[in-house]
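Trainee: task: produce atomic coordinates for the following.
(chains A and B)
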Amino acid sequence: MSAPLEILAVNFDFLSAWSFWIGVGILAGIYGIFTLGLQLNVGYTGILNFGQVGFMAIGAYSAVIMVVSVGLPFLLALPVSLLITLFFGLLVGLPTLRLRADYLSIATIAFAEVVRITAQNARGLTGGNQGTINLELEEGKFFSDPWLDASDWMTANIFDPIGLSGQDFLNLPLLTVIWLCLIVLAFGLSRLVRSPWGRVLRAIREDEDAARALGKNVFSYKLQSLTIAAGLGAVAGWFLVLQLQSVNQTAFEPIFTFFGYVILILGGLASFPGVLLGTVLLWIPLEGLRFLDLGLSGGQVAALRFILVGLILILLVAFRPQGALGKKEEMVLSD
Amino acid sequence: MTEATTTPTPSPAAGGGTGPMLEVEGIYKHFGGIHAVRGASFDVKRGSITALIGPNGAGKTTLFNIVTGFYSPDAGRIVLDGESIYGKRPYTIARRGMVRTFQITKALAAMPVIDNMMLAAADQPGEHLPKLLGRPLASRKREAEVRDEAMALLSTFSLDNKADDYAGTLSGGQRKLLELARALMPKPRMVLLDEPMAGINPTLGRRLLEHMEELRQNDGVTFLFVEHDMDVVMNHSDEVVVMGQGETILVGTPDEVRADQRVIDAYLGGGTGATEDEAEAHAALGLDAPPSKETPDAR
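Mentor: Numbering: from 1, shown residues only, chains lettered A, B, ... in the order given. As a prediction, this is how the structure comes out:
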């Protein structure tokens, strides 16, 4: 695989580089956590949430602002950020969840854009369009110091002894924490949707009126589903900040919510393990193409990445519409 | 129809009260300029099987939706077993013991039959996140009970061998049975059925009627159903409520309804009606012969 293909002048050497796989793994993990929330909404509750990236933005910005502007310690900033994001989940859900599915989608996408554009313009709070809020608290002291300390500790005590250290493995601790988090959350959510609570969600997905007629408070369950998704978005947002070492509104454009939907379709609806598989299936080609020297300009490569993702989606919908791990019966039988 | 009210040992489902199970009074509902229901009033006696009939567009389904909270009425009074349920939300009304089915069956197709049933159970603490996470054992214990209750009901309706199949794989008639069985899971005091016989074969239809009769006898469940099949209405109901153009025209026994000129007029769309039209109306109502002209007052 590492031999250059002379004809195409394509070099696949990157596939043998640890740093490539760690980079892909981190992105896949972050957007996996992000998509767990979407799976709960779309796959299990039937809420077409198109504003997930807005919750990710609120999580990311609020965590940073709590440390940088408010001065909370890093580990306290995270729960506060989570509460703030959950609050926004309720705030968005209360007026929109009574809307019909298509109007809900429009309302949620508008919410996410409001968040992003606010972040773009509220310079004092977010650093505005320049890109990044200044993550340096004071001379030589940074937002993510506690994380970097933990990361160093993990490298020294876990990865160094097994020979996985050095420049290539700099992000191995982050990868580990993200995927541990993703797996634990996916496992927990899988249990949750198989509970009586999850059964009510699935009933709402099938037919809201039937659930109402059986004494279920549909609105409350939808609100819970959306709020939990918001919380998962916040967790993904924190990891994004740790990975980028900055926070910039361009990371919260609507396209990232659609990446989440691509992951859902790839992995299959109503399956949390499907999210884990789908996110890996999306990010390997998406990142891999960056490293292929096809004699194209940067812009062309960027476009090609999306063409490839589109192609994968078309093939998937044609040959395996239920996704990798989705249940075909549930798809065919839903009206 | 009076047996249930005079039964010496009323079952728990019959409730504690002695008045009518459902009182509907002066209900109005308009959609824009269309007055779908204008002044519907009737009582449903405790432990009775009451039919709601009327020509298409008479407002039967709208009234059903109002009584069960799916539409909010403009005016009126709705009392279930002594408690007002006027303007309450559907889930609240369902929790108070009045469960409905739908004209177009709402089996939850992509869920197994057993999940359809277990979903409907009342008092499952596991349906609430704090209780589910805080007291997982209580949830699991209740889940086992609910599963047993569900399987028992399914076997009554001969659906037990379908328990693990997706509800979407059932036939139309089986879905109707499932919907009725599911409506019984929360142990309702009253069940509202919207056209239970529509689109199912006569054998399954008979089974459904037998089940209704049994439930009324054994558990004191009160039934109100919308139906177009006049044989079913006339032979299986204790009382009939007739609606026409958004109003309740008449409440009476099947015999009284059969003999009432106003009912025939309603089906003909008003007017006095010539003899020929009358004969047609009688055919439509599934009646044997034109009745006498006397119009007994039902109320």
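Trainee: C-alpha from now on. contacts and neighbour counts both.
Mentor: Fine.
Trainee: burial of residue 124, as a residue count?
Mentor: As the question left the chain open, I've gone with chain A. 10 (other C-alpha atoms under 10 Å in any protein chain shown).
Trainee: ah, I was thinking of chain B
Mentor: 22.
Trainee: one more: A:Gly188?
Mentor: When neighbours are counted by other C-alpha under 10 Å, A:Gly188 comes out with 12.
Trainee: and the next element down the chain from the host helix or strand of it?
Mentor: Using DSSP states H and E, A:Gly188 maps to helix A:172-193. Toward the C-terminus, helix A:172-193 is succeeded by helix A:196-206 as the next helix or strand (DSSP H and E).
Trainee: give me the helices and strands touching that following helix, please.
Mentor: helix A:172-193, helix A:208-213, helix A:218-244, helix B:113-119 (3 or more C-alpha pairs under 8 Å, 6 or more residues apart in numbering or on different chains; DSSP states H and E).
Trainee: so what secondary structure elements neighbour the following helix or strand past the third one?
Mentor: Going back to what we said before, that points to helix A:218-244. Moving toward the C-terminus from helix A:218-244, the next helix or strand (DSSP H and E) is helix A:255-267. Contact here means 3+ C-alpha pairs under 8 Å, 6+ apart; on that basis helix A:255-267 packs against helix A:18-38, helix A:52-68, helix A:272-291, helix A:298-319.
Trainee: how about 6 Å then?
Mentor: helix A:272-291 (3 or more C-alpha pairs under 6 Å, 6 or more residues apart in numbering or on different chains; DSSP states H and E).
Trainee: in the helix it packs on, what's buried?
Mentor: Residues A:272-289, A:291 are the ones in helix A:272-291 that count as buried (16 or more other C-alpha atoms under 10 Å in any protein chain shown).
Trainee: per-residue confidence averaged over it?
Mentor: For helix A:272-291, mean pLDDT is 90.
Trainee: flag every residue of chain A that's near chain B.
Mentor: A:196-197, A:206, A:212-217, A:330, A:333-334 (C-alpha under 6 Å from any C-alpha of the partner chain).
Trainee: tell me what the helix holding A:Gly188 is packed against?
Mentor: With contacts taken as 3+ C-alpha pairs under 6 Å, 6+ apart, helix A:172-193 sits against helix A:18-38.
Trainee: please redo it, this time with the cut-off set to 8 Å
Mentor: helix A:18-38, helix A:145-154, helix A:196-206, helix A:272-291.
Trainee: so which of the ones you listed comes closest to B:Leu108?
Mentor: Across the helices and strands packed on helix A:172-193, the minimum distance to B:Leu108, taken as C-alpha to C-alpha, is reached by helix A:196-206, at 5.6 Å.
Trainee: picking up where we left off before, how distant is the helix holding A:Gly188 from the center of its chain?
Mentor: On the basis of C-alpha atoms, centre = their mean, to the nearest Å, helix A:172-193 sits 12 Å off its chain's mean C-alpha point.
Trainee: thought A:Gly59 was touching A:Gly233?
Mentor: Yes. Here A:Gly59 reaches A:Gly233: they are 6.9 Å apart, a contact under C-alpha atoms under 8 Å.
Trainee: and chain B, which of its residues are near chain A?
Mentor: Within reach of chain A by C-alpha under 8 Å from any C-alpha of the partner chain, chain B has these residues: B:68, B:90-95, B:99-101, B:106-111, B:115-116, B:119-120, B:124, B:126-129, B:132, B:143, B:166, B:168-169, B:183, B:186.
Trainee: most neighbours among the residues of chain A next to chain B, which one?
Mentor: A:Leu214 (29 neighbours).
Trainee: pipe the residues of chain A next to chain B into a markdown table and attach pLDDT per row.
Mentor: Below are the residues of chain A next to chain B laid out as a markdown table (pLDDT from 0 to 100):
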| residue | pLDDT |
| --- | --- |
| A:Pro196 | 96 |
| A:Trp197 | 97 |
| A:Glu206 | 92 |
| A:Arg212 | 94 |
| A:Ala213 | 94 |
| A:Leu214 | 95 |
| A:Gly215 | 94 |
| A:Lys216 | 96 |
| A:Asn217 | 95 |
| A:Glu330 | 76 |
| A:Leu333 | 72 |
| A:Ser334 | 65 |
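Trainee: for the residues you listed, which one is nearest A:Gly23?
Mentor: Minimum distance to A:Gly23 across these is 34.7 Å, recorded for A:Glu330 (C-alpha to C-alpha).
Trainee: give me the pLDDT value at the nearest residue to that closest one once chain neighbours are set aside.
Mentor: Counting by C-alpha to C-alpha, 6 or more residues apart in numbering or on different chains, A:Glu330 lies nearest to B:Ala110, which is 4.6 Å off, once chain neighbours are set aside. Looking at B:Ala110, its pLDDT stands at 91.
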